[in-house]
Structure formats: C-alpha cells, structure tokens
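*Asks:* 3D model of this:
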Amino acid sequence: MAGVKHVVHQPAPGALGRRRRSRLALLSVLALLVLAAALASLAFGARQISLPDVWSAIFSPTGTGDDVVVRTLRVPRTILGIAVGAALGIAGALMQGHTRNPLADPGLLGVSAGAAFCVVLGVYAFGVTSLFGYVWLSLAGAFAAGVVVFMLGMISRDGPTPVTLALAGVSLTALLQAFSSALVLDDAATLDAYRFWSVGSLAGRDGDIAAQVAPFLAAGLLLALVNTAGLNLLALGEDVARGLGVSVTRVRWTGLTAVTLLTGAAVAACGPIGFVGLVVPHVCRIFTGSDHRWLVPASGLAGPVLLLGADVVGRVVVWPGELPVGIVLVLVGAPVFVALVRRRKLVSL
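*Replies:* As a prediction, the model looks like this:
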C-alpha cells in the first residue's frame, strides 16, 4: 500500500555487543575446561600422579617412574584425545548444519562404516593386526565411503542435497555393516582383532599414531573454518544463497570433505566413538545459536572436554583397571542426551 513503510527490526547495537561478549565468554570457559580435562587426564589413572609431579615430568624430567608414565603414555594419549574430540565435535556441527538435522552425527555419511569395513577386510584378507595398519586401512575406507556417498548424492536432479546425502549415507552404512558382520562371523581371529578396535579407545595410542593422522585433522579443520560463512548462508535457503552469489555445490563439497577428513582421521586413530559428534553441537547450539562462525569453534572446544572427561571416568570407576572411552560415552551420553531432548525442544536449524 502506498505511503506505508516496511520497517525491518535490527538488533540494537548494544544487544549485538552483549551477544558477542557472551559468546567470547563461552569460548573462554570452554578453553579453561579443556585445560582442566587435560590436567585430569595427565594426573589420573592406574597410577595417581599429583599435579606438581605432572609439571615436573613435563618440564624437568629426572627419569622417575612418574616421568615415564606421564611423558610416554599420558601426554600422547591426552594430545590425541584433544585432537579427536575437537575433530568429532566440529564434524558433528558441520554434519548437522548441512543436513539441517540436529540429530545427525558424523557417521551419517557412512564414514565410520567405511572405515570399519576396511579394517575388517584388512584383518580378514591380509592378517593386519597392528594399530598402524588399522590407521591407514580406516582412513582409506572413510575416504572411499565419503566419495561413494557424494557420487550417489549427485545422481539426484537437484544434486547433493541434505536429503539425498542422508539417504545415501544411511544406505551405504547398512550395506557396509552387513559386509563387516559377514566377515567377522566367518573368522574368529578377525572377530577378536576387530572387537578390540571397534570399541573406541584412547588407550595404547602413542605419539606416532597422532602424527600420522595430524595432517588429515589439520586439513579438515581448515576446510571447516572456511565452510562456516557459506553454511550460514545455506541456512537461509539454497535459492537465497544462490541469489547472494554463493556456489551451493562448492559449499556442500567443502563441508562434506571436511566431515570426511575429520571423522575418518578420528575413527582411524581411536576406532568408532559415538555421541561426541551428536551431543556436543546440540549443547553448544543452545548457547551460540545457529551461527556456525561461533558454533564450530565452540564444538571444537567442547568435544575434547567430553572425550577426555569420559576417558578419565573410565580410568577411575573400575580402578585399577580401565573402561574404554567408547563404552563410557554410551553409558553416560545416551541418558544425558535423552534428558536434554526431554527438557527442551531441539534447537531448529
């Protein structure tokens, strides 16, 4: 109607400033929690070591038993836990953003199933039993599964949309899980070796394994950070994003390649670890909203807190033994996530 002005309500500058400060405060708190979880990971285990002794072992070792435990066992394990937790948290945030599904997790693309199948095949056909062999087998399987899902998604007339990618991922996961089950049931030795890897654990992983997967994690992290701005625009709708000059296909490929790199490297190093990529982004989104420029870094910090915390719990509850972190996350993560869902509505994407 002529003479009527349409007013677009913008957030007040003060409100934007408060929101930014609150998000920065959240990242600061998460960074402190990562530090606390790392210290707990270095101090607690079958052998309890005080924090002063941990400090001494790292910065001024004298060759004592505590020094050997901290430097050769717990430092590599803690570093790997931080890297894998960050990778799974970020991969979960990207996966939920690209599928626009707050219940999606990194395994939705079939990456975890592809990694597991290649490990089973390597054990069954070639007798691979070392963790180093598992790393490269699972990386190869993860990347192969990611490529297959991308290609299946592109068969659709509309290209790799969230729906086609999810359907392709679920179908490939079911197929690969069936193949894996057939192989492990056919050979007892394969079942024993696969059972050790598939439970998901940080135990027994040394610095060499972390070094092998580090390039893949770094590449995935870089792609994830590049992908955040485009993912925010995709949330407005693909037509709107195209109207703003965004290449939807490039954004999709960048994000899904990042998910494949991060998840593949994490699964390769520690085996399939659930709930981190599902729970962490969902919780962080409560505080950051759906802006991936803040959600991705927050998930990258919250992931190590959850993973290292679960790892420490697994060392303490059955002391002097140890419960693998994958089992702890299932026992603790499932009830917590159900409580979150029941307590409040899922944050829409």
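
*Asks:* Spatially central residue for this structure, please.
*Replies:* L88 (0.5 Å; C-alpha atoms, centre = their mean).

*Asks:* Remind me what the helix or strand where it lies packs against, helices and strands.
*Replies:* Using DSSP states H and E, L88 sits within helix 75-99. Judged by 3 or more C-beta pairs under 8 Å, 6 or more residues apart in numbering; DSSP states H and E, helix 75-99 is in contact with helix 13-43, helix 162-186, helix 207-234, helix 248-270, helix 276-288, helix 292-317. (Glycine included, C-beta is placed from N, CA and C.)

*Asks:* Which elements pack onto the last one?
*Replies:* If you count contacts as 3+ C-beta pairs under 8 Å, 6+ apart, helix 292-317 packs onto helix 13-43, helix 75-99, helix 207-234, helix 276-288, helix 325-343.

*Asks:* now do the fifth one
*Replies:* Helices and strands touching helix 276-288, by 3+ C-beta pairs under 8 Å, 6+ apart, are helix 13-43, helix 75-99, helix 292-317, helix 325-343.

*Asks:* Also compute the angle for the second one relative to helix 162-186, please.
*Replies:* Here helix 75-99 runs at an angle of 140 degrees relative to helix 162-186 (axes from the mean of the first three to the mean of the last three C-alpha atoms, to 10 degrees).

*Asks:* For helix 75-99, give the mean pLDDT please.
*Replies:* Per-region confidence: helix 75-99 scores 91 on mean pLDDT.

*Asks:* Same question for the last one.
*Replies:* Confidence over helix 325-343, taken as the mean pLDDT, stands at 76.

*Asks:* quick one: it to helix 276-288, angle?
*Replies:* 40 degrees.

*Asks:* Quick one: name whatever helix or strand follows the helix holding L88.
*Replies:* Immediately after helix 75-99, counting by DSSP H and E, sits helix 111-126.

*Asks:* okay, the angle between that following helix and helix 162-186?
*Replies:* 30 degrees.

*Asks:* list the helices and strands the helix or strand following helix 111-126 packs on?
*Replies:* Counting by DSSP H and E, the element after helix 111-126 in chain order, helix or strand, is helix 131-154. For helix 131-154, the packing partners by 3+ C-beta pairs under 8 Å, 6+ apart come out as helix 111-126, helix 162-186, helix 207-234, helix 248-270.

*Asks:* TSV for the ones you listed, including mean neighbour count and mean pLDDT?
*Replies:* Formatted as TSV, the helices and strands packed on helix 131-154 follow (neighbours: other C-beta atoms under 10 Å; pLDDT from 0 to 100):
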stretch	mean neighbour count	mean pLDDT
helix 111-126	25	87
helix 162-186	17	86
helix 207-234	19	89
helix 248-270	25	86
